[in-house]
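> the sequence isn't on hand, but the structure is:
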């Protein structure tokens, strides 16, 4: 089969104004970035407010192998398949981060014949949203250290500064740095990847530029020496930060290989952030299509949980159906098979690892949402392995559909599209969140740990306990929690595959994201600044004299 780049190069794309026109958006409703990209303006979104919402479909997955399981590819294929069966669907996806593009996972624009276009530009710089977020974040950091340098009238305690500088790159060398705050005075600092930053989260959860500006001002940046909180608005930083984000807050309109409209906006990771594209993008897609098909990062224990308990809670969204992506190879991986051996038939390993799928099905049902399992087909899958999954799910009373969207595009996912429409139109959803606002932060953490991660116990470091206590005393106990942990296991230990039970979740750190509107909790050894692998994907990316980019996968 041709490479993703080859397939993308042969695509026949429509001018983005034509895609907008099919959505009943005029040229005045969009701001064009070349022939194939545009932003949907605030005025256009305001005009859509009176329109009825379409159905909301969330695509999530089981715990993946290190290479990922094609969740985005399946999402895009489903969107293309909707058009094949005569339905008007609009995709709402996250923007790729340069970290994984140049690191281990590669790009995040789909694959094979289910890609969003132009894939190279979407993966590499797109419309500059992430650069704007990085700049706004680092402006706040610069203004904080500048304030300290020029006398520190806010009496900021340099040992209790929370805001961190960001870079949209995997760079382990920036995990621990020292910055100079005045002559002969330094403080310890660390960078985090842009997609884990609070400003990324705030942009993805805001409803407008005005809302975003208020959220930016509400960011807790430090404590003073009297133990009182200091917010970004006290530095007078939020206005300039919002100015940098003026265009970044507008969602981006692109298309798939089959010219299905797609809104791509925001990109927090799900293992270290809340894992969902922007509320603005999702709500816009709901107005523009009869179906909005969106995804949440990594497995359902991370992305779907945060989509439900943070995004839906904050934005008032209700999900009509969930598509749970599984692969034969990921289930064998969860059954103990080494990555190098996943291509070989192994029903015994499949039988051992399929408990991971069962647990995710059970978890999703706790939210009152109907779930459809889709097997993302790989050429190494055997009929015996696929039939085993079908029979297993049938015994659980769960519908299963095979998706060949990677190899066949929309045509390979039409049966899945029909099933999704059937479930959505049945009105069987009864969406609810896992926990209520009135629980304490510790109770919320333990609710997720015990019901979603299937842990027996939760333990906290003294620092985490102190932080959670301080956050509650500041009046933020009603916020949801965003747990950062490994994506490879339901536990906080990557090596515990399948469906572990009886384990302990170790909470080592907690901090307030008051601008975004949640509390971040770090479990296990998760890092907010990833590193590159021994052989980075960047080594394979190149460009020729005509400007053609190769090597992105």
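Yes, it's here. None of the values given here were measured: they were computed from a predicted structure.

> quick check: residue 128 vs residue 461, distance?
39 Å (Cβ to Cβ, to the nearest Å). C-beta here means a position set from N, CA and C on the backbone, and glycine is covered the same way.

> please apply the same query to residue 380.
For residue 380, the distance to residue 461 - Cβ to Cβ - is 43 Å.

> show me what the strand of greatest length in the chain is packed against.
Determined from DSSP state E, the single longest strand within the chain is strand 504-513. Secondary-structure packing of strand 504-513 (3 or more Cβ pairs under 8 Å, 6 or more residues apart in numbering; DSSP states H and E): helix 198-205, helix 441-451, strand 457-460, helix 462-473, strand 518-523.

> which one of these is the most hemmed in?
Of all the helices and strands packed on strand 504-513, helix 198-205 carries the top mean neighbour count, a mean of 29, counting by mean count of other Cβ atoms under 10 Å.

> helices or strands up against it?
helix 129-149, helix 209-217, strand 504-513.

> mind putting those in TSV, mean pLDDT and mean neighbour count included?
Putting these into TSV (pLDDT from 0 to 100; neighbours: other Cβ atoms under 10 Å) gives the following:
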stretch	mean pLDDT	mean neighbour count
helix 129-149	97	20
helix 209-217	98	20
strand 504-513	97	21
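
> right, and these - which one's nearest residue 408?
Residue 408 sits nearest to helix 129-149 of all these, at 31.6 Å, using Cβ to Cβ.

> report the angle between the closest one and helix 209-217.
Here helix 129-149 points in a direction 40 degrees away from that of helix 209-217 (axes from the mean of the first three to the mean of the last three Cα atoms, to 10 degrees).

> as a markdown table, the helices and strands packed on strand 504-513 with mean pLDDT and distance to residue 61 would be great.
Output for the helices and strands packed on strand 504-513, formatted as a markdown table (pLDDT from 0 to 100; distance: least, Cβ to Cβ, whole Å):
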| stretch | mean pLDDT | distance to residue 61 |
| --- | --- | --- |
| helix 198-205 | 97 | 20 |
| helix 441-451 | 98 | 18 |
| strand 457-460 | 98 | 25 |
| helix 462-473 | 97 | 29 |
| strand 518-523 | 97 | 20 |
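
> I'd like those as a markdown table, with distance to residue 44 appended.
Shown next, in a markdown table, are those (distance: least, Cβ to Cβ, whole Å):
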| stretch | distance to residue 44 |
| --- | --- |
| helix 198-205 | 18 |
| helix 441-451 | 37 |
| strand 457-460 | 45 |
| helix 462-473 | 38 |
| strand 518-523 | 29 |
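
> how about residues contacting the longest strand of the chain?
Under the contact criterion Cβ atoms under 8 Å, 6 or more residues apart in numbering, strand 504-513 has outside partners 162, 198, 201-202, 219-220, 441, 445, 449, 453, 455-461, 463-464, 467-468, 471, 474, 476, 479, 482, 485, 491-492, 519-524.

> residue 321: what's its closest spatial neighbour, skipping adjacent residues?
Distances taken as Cβ to Cβ, 6 or more residues apart in numbering put residue 423 closest to residue 321, at 4.6 Å, once the chain neighbours are dropped.

> wait, that neighbour touches residue 373, no?
No - using Cβ atoms under 8 Å, residue 423 makes no contact with residue 373, being 11.9 Å away.

> returning to that earlier point: right, so of the helices and strands packed on strand 504-513, which gets closest to residue 156?
helix 462-473 (16.1 Å).

> can you pull the contacts of the closest residue to residue 206 other than its chain neighbours?
Spatially, and ignoring its direct neighbours in sequence, residue 206 is nearest to residue 212 (4.1 Å; Cβ to Cβ, 6+ apart). Going by Cβ under 8 Å, 6+ apart, residue 212 touches 202, 203, 206, 242, 245, 249.

> mind listing what the last one touches?
Contacts were defined as Cβ under 8 Å, 6+ apart; by that measure residue 249 touches 42, 203, 206, 208, 209, 212, 280.

> same check, this time on residue 521
Residues in contact with residue 521 (Cβ under 8 Å, 6+ apart) are 445, 464, 481, 482, 483, 484, 507, 509, 510.

> let's have the residues you listed in JSON lines, adding distance to residue 321.
JSON lines is the format used below for the contacts of residue 521 (distance: Cβ to Cβ, whole Å):
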{"residue": "445", "distance to residue 321": "28"}
{"residue": "464", "distance to residue 321": "36"}
{"residue": "481", "distance to residue 321": "26"}
{"residue": "482", "distance to residue 321": "24"}
{"residue": "483", "distance to residue 321": "25"}
{"residue": "484", "distance to residue 321": "28"}
{"residue": "507", "distance to residue 321": "33"}
{"residue": "509", "distance to residue 321": "36"}
{"residue": "510", "distance to residue 321": "33"}
